[in-house]
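Chemist: Here is a sequence with its predicted model. Questions after.
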Amino acid sequence: MSPTVFNNANDMKKKLNRNGRKIVIPIIVVIVIIIILAMTVRTVDTGEVAVVTQFGVVTGTEGAGIHIKSPLEEYHVISVKQEQVDEIYYTATKDTQSINQQIVTQLAVDPTSCKSLYEKFTGNHLEGIVKPVLYDGFKSATAAFTLEGAIAQRDALAAKMLENVKSKLEPYGIIVVSVEIKDVQIPEAFAQAVEDKKVAEQIQARAETEKLTAIIKAEQELEVKKLEAEANTIVTQTLSEQILRQQFITKWDGKLPLYSGNDGALNMLLPATQGAAVVE
């Protein structure tokens, strides 16, 4: 290879190296900037509060927005929006009947309590305090009702459940908004007994209805007979001799009956005919 060709090859290689460095260096700078931003910039969404810790120690909280933080700080987000806990609870009634209740609880975290809540439960307050309190409160409330009462007075039972859990969770900054019993699964034997009772009540109701109908019908018939008798009495009392005479005259056709007899005795009553004569 001639010296000229060799020099050209070296120049080309140096040029490529320079161009490569011009491309790689900006890329490295961009990557570094992105890493720094990821470590120092943090966004907290609406409905969230970030608990800030440094080396495991809580140093404060941050609300919704974009925040510049130290690379040594960590953000632990806690939702302060209303949330729903939908669970099935296995409880027992006052008369020792086991039932399964599907209960929906609406609750929210007080934003001012996020710091203390995190310190106590390190971000796992749902499992650490909420669910145990809900189960205990619902079980205690159900135990005050009989099985029939738990079914018939569902709203009253739900109100008692709300009262039980609300007072226990509020000190932690957890607000219980509502408690609703969505479904109750009762023992099969009790369900059959309830069904049998309904059938018996329906049969009894029909029998009572038929009995009442018969009584009313008899009373109506008696009343009709009574009214007819009173009407006949009134008619009889108003038919005076003068009225009867007037009716007789009105209906008489002018023909007199013929009588035949012997020795003053009446043997036979014969209708009068036109032109007939009396035979003595």
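Modeler: Noted; the coordinates are in hand. Numbers count the residues shown, from 1 in each chain.

Chemist: What residues sit buried inside whichever strand or helix holds V58?
Modeler: Following DSSP states H and E, one finds V58 within strand 57-62. By 16 or more other C-beta atoms under 10 Å, the buried positions in strand 57-62 come out as 58, 61-62. Where C-beta positions appear, they are placed from N, C-alpha and C, glycine not excepted.

Chemist: what sits up against that strand?
Modeler: Identification of contacts with strand 57-62 by C-beta atoms under 8 Å, 6 or more residues apart in numbering yields 42, 44, 49-53, 73, 75, 114-115, 118-119.

Chemist: count of residues packed around G65?
Modeler: 11 (other C-beta atoms under 10 Å).

Chemist: hey, C-alpha coordinates of the strand holding V58 in CSV?
Modeler: Extracted as CSV, the C-alpha positions of strand 57-62 are listed here (Å, rounded to 0.1, in the frame of the first residue of the first chain):
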residue,chain,number,x,y,z
VAL,A,57,-38.4,8.3,57.5
VAL,A,58,-41.6,10.3,56.6
THR,A,59,-40.6,13.9,55.9
GLY,A,60,-43.9,15.3,54.6
THR,A,61,-46.6,15.0,52.0
GLU,A,62,-47.3,16.5,48.5
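
Chemist: And the helix or strand following it, what does it pack against?
Modeler: Toward the C-terminus, strand 57-62 is succeeded by strand 65-68 as the next helix or strand (DSSP H and E). Strand 65-68 sits against strand 41-44, with contacts defined as 3 or more C-beta pairs under 8 Å, 6 or more residues apart in numbering; DSSP states H and E.

Chemist: Report the rounded mean pLDDT for the strand it packs on.
Modeler: Strand 41-44 carries an average pLDDT of 84.

Chemist: what comes up buried for the helix or strand following that strand?
Modeler: Proceeding N to C from strand 41-44, the next assigned helix or strand is strand 48-54, under DSSP H and E. For strand 48-54, the neighbour count (16+ other C-beta under 10 Å) marks 48-53 as buried.

Chemist: do the same with stretch 176-187
Modeler: Counting neighbours by 16+ other C-beta under 10 Å, stretch 176-187 gives 176, 179-181, 184, 186 as buried.

Chemist: now do stretch 143-150
Modeler: 145, 147, 149-150.

Chemist: Over to stretch 147-162?
Modeler: 147, 149-151, 154, 157-158, 160-162.

Chemist: List of residues touching stretch 42-52?
Modeler: Under C-beta under 8 Å, 6+ apart, the answer for stretch 42-52 is 58-67, 69, 73-81, 109, 111, 114-115, 118, 123.

Chemist: actually stretch 69-80, not the one I wrote
Modeler: Contact with stretch 69-80 is made by 39-42, 44-45, 47-55, 59, 62, 67, 108-111, 114, 117-118, 123, 125, as judged by C-beta under 8 Å, 6+ apart.

Chemist: 7 Å instead?
Modeler: 39-40, 42, 44, 47-54, 62, 108-109, 111, 114, 117-118, 123 (C-beta atoms under 7 Å, 6 or more residues apart in numbering).

Chemist: Also stretch 102-121?
Modeler: By C-beta under 7 Å, 6+ apart, stretch 102-121 touches 49, 51, 58, 61, 76, 78-89, 125, 128-130, 134, 138, 172-183.

Chemist: 6 Å instead?
Modeler: 49, 51, 58, 61, 78, 80, 82, 84-86, 88-89, 125, 128, 134, 173-183 (C-beta atoms under 6 Å, 6 or more residues apart in numbering).

Chemist: Quick check: helices, which of these are part of them?
Modeler: In helices, judged by DSSP state H, the following of the contacts of stretch 102-121 are found: 125, 134.

Chemist: quick one: N100 and Q185 touch, right?
Modeler: Yes: when contacts are counted by C-beta atoms under 6 Å, N100 is listed as touching Q185 (4.1 Å).
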